[in-house]
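Participant: Model the structure of this input:
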Amino acid sequence: MADNKKVSAVSFFHSRFTSIISIALVLFLMGLIILMGLLGNKLSVYVKENMSFSIVLKDNVGDLDVKRMQKNLESLPYIKSTEYISKEQAARELEDELGENPENFLGFNPLQASIEVKLHSEYANPDSLKLIENKIKNYTSVSELLYRKDMMELVQHNMKRVGLVLLGLAAILMIISFVLISNTIRLLIYSKRFLIHTMRLVGATAGFIRRPFIWYNVVSGIIAAVLAICMLTAALYYLQAELTGFIQILDIPTLLIVYTAVLLLGILLSVLATIVSVNKYLRMSFDKLYYI
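Facilitator: Sure thing, here's the model as predicted:
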């Protein structure tokens with residue numbers, strides 16, 4: 001008799017542990033989708049504001065003219081920052097890329113001084129840049145403007161696609177998570193189906209029968225949500241270490257929203273799945289209980 005109780009206890013622990021891990025994995029994926037959705041706009045701003053274009057200067061431009069031009073540019077509402085790159089600095093950067101200084105085999109520095117300009121995100125698109133280009137070209141010290149129009153168009157297009165993909169993934173994952181959690185909880189309730197029928201026979205209401213199952217699975221949902229939050233934190237710590245600049249778009253309020261959403265989803269999905277699962281056995285006749 002003691003052995004049977006021990007086996008039953010082990011089986012119960014194993015089924016609950018499996019249920020919690022399954023729910024935690026689903027909530028972890030949901031948390032990632034929510035996080036990507038919240039960070040999508042910030043990521044778009046970050047990418048756009050780190051895309052720069054070069055104002056190539058004429059050879060006869062002096063340092064005072066450059067400083068005056070930088071000050072004028074930074075006063076414009078659409079320009080976020082500027083950085084002056086001298087001919088010597090440009091040569092050093094090219095040497096780092098090619099492994100050889102161009103002056104060594106040409107006998108002179110063929111590069112021109114330039115100003116690297118970064119725009120505010122709302123202006124970092126091909127249409128706005130065309131207007132900005134026309135205005136900047138009015139400066140007498142400007143030789144030409146260099147920028148990757150195709151890259152800007154690609155970023156603009158991909159950001160829209162990413163938003164739609166994330167929305168679709170969130171909807172699909174929500175359905176999958178509910179079905180998975182529902183099936184997991186249904187397996188746990190399966191062993192109690194005769195108890196549910198007995199409680200119905202003695203006059204217990206549907207709400208009274210559902211209540212202990214709901215509380216039991218709410219606790220499981222909370223434990224699973226805490227595990228999912230721990231996994232999310234570990235994943236974010238890894239991303240922070242691997243991706244330079246990731247920490248700049250991640251803040252505490254965003255994390256709190258994601259963690260709260262994961263916790264609420266763990267409770268909500270567990271409650272809904274429990275109600276659906278228990279209702280199935282409440283509506284089932286006694287004879288059918290033997291054949292499921």
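Participant: and Glu116, that's in a strand?
Facilitator: Yes. Judged by DSSP: H, G, I helix; E, B strand; the rest coil, Glu116 forms part of a strand.
Participant: Please enumerate the helices of the protein.
Facilitator: For the chain, helices defined by DSSP state H occupy the ranges 2-49, 63-74, 87-98, 102-106, 126-136, 149-190, 193-201, 206-242, 246-249, 252-282.
Participant: Report all helices and strands that the longest one contacts.
Facilitator: What it means is helix 2-49. Packing partners of helix 2-49 (3 or more Cβ pairs under 8 Å, 6 or more residues apart in numbering; DSSP states H and E): strand 114-119, helix 149-190, helix 206-242, helix 246-249, helix 252-282. Glycine gets a C-beta too; all of them are placed from N, C-alpha and C.
Participant: Pick out the shakiest of those, pLDDT-wise.
Facilitator: Comparing mean pLDDT over the helices and strands packed on helix 2-49, the weakest stretch is helix 246-249, at a mean of 66.
Participant: measure Lys67 to Leu73 for me?
Facilitator: 11 Å (Cβ to Cβ, to the nearest Å).
Participant: could I get the helices of the chain as JSON lines with distance to Val56 and mean neighbour count?
Facilitator: Output for the helices of the chain, formatted as JSON lines (distance: least, Cβ to Cβ, whole Å; neighbours: other Cβ atoms under 10 Å):
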{"stretch": "helix 2-49", "distance to Val56": "22", "mean neighbour count": "16"}
{"stretch": "helix 63-74", "distance to Val56": "12", "mean neighbour count": "14"}
{"stretch": "helix 87-98", "distance to Val56": "10", "mean neighbour count": "13"}
{"stretch": "helix 102-106", "distance to Val56": "16", "mean neighbour count": "11"}
{"stretch": "helix 126-136", "distance to Val56": "11", "mean neighbour count": "14"}
{"stretch": "helix 149-190", "distance to Val56": "16", "mean neighbour count": "15"}
{"stretch": "helix 193-201", "distance to Val56": "78", "mean neighbour count": "15"}
{"stretch": "helix 206-242", "distance to Val56": "35", "mean neighbour count": "17"}
{"stretch": "helix 246-249", "distance to Val56": "29", "mean neighbour count": "14"}
{"stretch": "helix 252-282", "distance to Val56": "39", "mean neighbour count": "18"}
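Participant: and these as JSON lines, adding distance to Val142?
Facilitator: JSON lines is the format used below for these (distance: least, Cβ to Cβ, whole Å):
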{"stretch": "helix 2-49", "distance to Val142": "22"}
{"stretch": "helix 63-74", "distance to Val142": "8"}
{"stretch": "helix 87-98", "distance to Val142": "16"}
{"stretch": "helix 102-106", "distance to Val142": "23"}
{"stretch": "helix 126-136", "distance to Val142": "6"}
{"stretch": "helix 149-190", "distance to Val142": "18"}
{"stretch": "helix 193-201", "distance to Val142": "80"}
{"stretch": "helix 206-242", "distance to Val142": "39"}
{"stretch": "helix 246-249", "distance to Val142": "31"}
{"stretch": "helix 252-282", "distance to Val142": "40"}
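Participant: Could you point out which of the ones you listed sits nearest Gln112?
Facilitator: Of all the helices of the chain, helix 87-98 sits nearest to Gln112, with 6.4 Å by Cβ to Cβ.
Participant: what's the angle between the closest one and strand 114-119?
Facilitator: 80 degrees (axes from the mean of the first three to the mean of the last three Cα atoms, to 10 degrees).
Participant: Turn the helices and strands packed on helix 2-49 into TSV, columns for distance to Ile34.
Facilitator: Formatted as TSV, the helices and strands packed on helix 2-49 follow (distance: least, Cβ to Cβ, whole Å):
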stretch	distance to Ile34
strand 114-119	30
helix 149-190	7
helix 206-242	10
helix 246-249	15
helix 252-282	5
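Participant: Per-residue pLDDT of Tyr147, please?
Facilitator: Value for Tyr147, per-residue pLDDT: 72.
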